[in-house]
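Colleague: this one's sequence-less:
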């Protein structure tokens with residue numbers, strides 16, 4: 001099994017910053033990519049940032065230039081990814097979920113999720 005543990009959510013005022021972290025551990029043969037999704041009340045879960053083990057990052061238009069994803073070591077059995085969130089706005093309020101796509105052996109891969117961490121942006 002693969003476990004993802006998230007940390008760093010909370011309440012912040014508009015314009016403020018937060019940093020989320022996610023540590024993946026367990027039966028990881030190799031990490032393919034890790035990323036962050038979020039889900040606001042009444043909305044679908046959306047992908048906001050991903051990072052591959054090769055070091056490539058991609059962002060949703062809504063967070064481009066404000067959020068930065070970093071970390072991940074593809075050859076490690078334990079990978080950590082962080083999301084630095086700056087210039088936060090009320091519309092960023094959501095539950096943020098960490099995702100890891102990993103090989104659990106040389107030919108089997110799967111998607112795994114963290115439990116989610118609440119981010120609330122409010123004055």
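Modeller: Alright, I've got the coordinates. This structure is a prediction, so every number in the text was calculated from the model and none was measured. Residues are numbered from 1 along each chain as shown.
Colleague: Can you name the residues that contact residue 50?
Modeller: Going by CB atoms under 8 Å, 6 or more residues apart in numbering, residue 50 touches 33-36, 57-58, 69. C-beta: built from backbone N, CA, C; applies to glycine.
Colleague: Can you say which of the residues you listed are buried?
Modeller: With neighbours counted by 16 or more other CB atoms under 10 Å, the contacts of residue 50 contain buried members at 33-36, 69.
Colleague: And those residues, which two are furthest apart?
Modeller: 33 and 36 (11.3 Å; CB to CB).
Colleague: tell me the SS of the residue most central in space within the chain?
Modeller: Residue closest to the mean C-alpha point of the chain, counted by CA atoms, centre = their mean, is residue 36 at 2.7 Å. At residue 36, secondary structure determined by DSSP: H, G, I helix; E, B strand; the rest coil is strand.
Colleague: With residue 62 as the reference, measure out to it.
Modeller: 12 Å (CB to CB, to the nearest Å).
Colleague: all strands for the chain, in order.
Modeller: 2-7, 10-12, 18-26, 30-39, 46-52, 57-59, 67-71, 79-85, 94-103, 109-113, 117-121 (DSSP state E).
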